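Chemist: Okay, here's the prediction I keep looking at, along with the sequence it came from:
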Protein chains: 2
Amino acid sequence: MAKAESNVSDGLTLELIRESLIRQEDTIVFSLIERARFPLNSPTYDKSYASSVPGSGGSLVEFIVKQTEAIQAKAGRYENPEEHPFFPDNLPPSQVPPQKNPEVLHPAAMSVNINKIIWDMYFNELLPLFVTPGDDGNYASTAARDLECLQALSRRIHYGKLVAEVKFRDERKDYEPAIRAQDRDTLINLLTFARVEEAVKKRVEKKAMTFGQEVTLGDDGNKGKYKVNPAIVSRLYGDWVIPLTKDVEVEYLLHRLD
Amino acid sequence: MAKAESNVSDGLTLELIRESLIRQEDTIVFSLIERARFPLNSPTYDKSYASSVPGSGGSLVEFIVKQTEAIQAKAGRYENPEEHPFFPDNLPPSQVPPQKNPEVLHPAAMSVNINKIIWDMYFNELLPLFVTPGDDGNYASTAARDLECLQALSRRIHYGKLVAEVKFRDERKDYEPAIRAQDRDTLINLLTFARVEEAVKKRVEKKAMTFGQEVTLGDDGNKGKYKVNPAIVSRLYGDWVIPLTKDVEVEYLLHRLD
């Protein structure tokens, strides 16, 4: 299990990528359930609330994400090509010995980062769907949970680079003409498997039911009550994760022959 | 759900505390499963590896925990009496508007922080039991996952202060003589309910099975394979979480009449 989760160091295979994508579903569902422990807590997202925090210049969640990313950058997090910062500007360099990450991706991968879109989707569309309204005052903890959700979604969606690379290698003769023609529609069609997408949506819904249930000793009448609505997790994948992954795949592929 | 998870703002009741303790079990199990995505990654804990990181002076995990706690402190995390830092010395003050946290605990609660013991237990005893050996190079992410485990365990164990307070209020005539006599053994006896402890251990084991299973569409032969060994989660509670919670309860009660 740990092997599939590590860097794809021993050759890129569809099987390793598939295992990682499936494992990442668990992480995403866990992170949503953990965020749902807290109500909306709107001051977390309100610039005026955080105005007294030096160097914030934005909301409390911006402060927490920016500062935590800076620490993790020093610790080498973003040396791993699977990780993408939300605030890449002025990020401090890694201060740990360099890793020998295998170069499986085309260098064009470096320039693909759609975290701005993921950020807006998460706060403007997803978050209000799965947390209760209200305010319990735990804004710092709330922002830490948001960071976990954002990082899990970002990693999953940017994994599209690896998906695209392995599909490109496997069916180079199909992809090359579309890339040369910079034909997004054909690339989208090549990357779309409706049956697989439906299965993913069903599986994440089942995961939300399994991981979000109240587990008690003995059978009880708690069935059907979940910490995060499973239909919303299915919708998260159908409306955002899958389409945004394809956006990453297409952006990557358009430059694959540069 | 969110209500029970918030500060105990509307009166301390055993029912609210119980709900929170049960909900915190899920958080602990999730955090262990997420840590188990990575192998041991021993450089994360090795002082020489992090020697090039300014201000670390210790291991990479120490750097990540210390620095992340400093950010969260500025954002007000430790204004909540349920949260306890692992590195309380030189923690920056909160820079957000003060919360009106209700004073449910005796002021003596402030001085009870056993995170040093939790830290040693986690790294020296628990961690080697539930992660695979090996090294995949993801040390920054590994340390971030350790922080999540540590914070979840610390919050659960220090919740003993609230448990002790509500038990004290409910059975003041039993507790007062033991407190005046500073009689730890009698306090431990008053706080021990073997039947409840057995039920907790069984429930967390069941949670590890439920949340750590491989969820697939359709029935499959994957039963009995878990991301974290359920017996170890049961042992975590039996050997460490429950006894350490009682240590917190006793330390708190010994000063309850100061």
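Modeler: Cool, the structure landed. Numbers count the residues shown, from 1 in each chain, chains lettered A, B, ... in the order given.
Chemist: Let me see the mean pLDDT of the strand or helix carrying residue A:19.
Modeler: For residue A:19, the element it lies in under DSSP states H and E is helix A:14-35. For helix A:14-35, the mean pLDDT works out to 96.
Chemist: Kindly report the same for stretch A:105-114.
Modeler: On average, the pLDDT along stretch A:105-114 is 95.
Chemist: got the buried residues for it?
Modeler: A:105, A:106, A:108, A:109, A:112, A:113, A:114 (16 or more other C-beta atoms under 10 Å in any protein chain shown). Placement of C-beta: from N, CA and C, glycine included.
Chemist: Could you pull up the contacting residues of the residue lying closest to residue A:182 once chain neighbours are set aside?
Modeler: Leaving aside its chain neighbours, residue A:182 sits nearest to residue A:254 (6.0 Å; criterion: C-beta to C-beta, 6 or more residues apart in numbering or on different chains). Contacts for residue A:254 (C-beta atoms under 8 Å, 6 or more residues apart in numbering or on different chains) come out as A:179, A:182, A:184, A:187.
Chemist: How is the residue nearest the centre of chain A assigned, secondary-structure-wise?
Modeler: The centre of chain A sits closest to residue A:153, judged by C-alpha atoms, centre = their mean, with a distance of 1.6 Å. Here residue A:153 is recorded as helix under DSSP: H, G, I helix; E, B strand; the rest coil.
Chemist: Can you pull the residues of the stretch 151-258 of chain A lying near chain B?
Modeler: A:199, A:202, A:203, A:206, A:207, A:210, A:211, A:213, A:215, A:216, A:217, A:227 (C-beta under 8 Å from any C-beta of the partner chain).
Chemist: dump the residue contacts of the first one.
Modeler: Spelled out, it's residue A:199. Applying C-beta under 8 Å, 6+ apart, the residues near residue A:199 are residue B:217.
Chemist: Then the one 4 residues further on?
Modeler: Residue A:203 makes contact with A:22, A:25, B:215, B:216, B:217 under the criterion C-beta under 8 Å, 6+ apart.
Chemist: re earlier: from the buried residues of stretch A:105-114, which is closest to chain B?
Modeler: residue A:105 (16.3 Å; C-beta to the nearest C-beta).
Chemist: picking up where we left off before, of the residues of the stretch 151-258 of chain A next to chain B, which is the nearest to residue B:72?
Modeler: The nearest member of these to residue B:72, counting by C-beta to C-beta, is residue A:227 at 23.4 Å.
Chemist: before we move on, back to that, my guess is the residue nearest to the centre of chain A contacts residue A:241. True?
Modeler: Yes. At 6.9 Å, residue A:153 counts as touching residue A:241 under the criterion of C-beta atoms under 8 Å.
Chemist: Pull up the overlap in contacts between these two.
Modeler: Counting by C-beta under 8 Å, 6+ apart, the shared contacts of residue A:153 and residue A:241 are residue A:28.
Chemist: hang on, the earlier thing: export the residues of the stretch 151-258 of chain A next to chain B to a markdown table and tack on pLDDT and secondary structure?
Modeler: As requested, these are exported to a markdown table (pLDDT from 0 to 100; DSSP: H, G, I helix; E, B strand; the rest coil):
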| residue | pLDDT | secondary structure |
| --- | --- | --- |
| A:199 | 97 | helix |
| A:202 | 98 | helix |
| A:203 | 98 | helix |
| A:206 | 97 | helix |
| A:207 | 98 | helix |
| A:210 | 96 | helix |
| A:211 | 97 | helix |
| A:213 | 96 | strand |
| A:215 | 96 | coil |
| A:216 | 94 | coil |
| A:217 | 92 | coil |
| A:227 | 97 | coil |
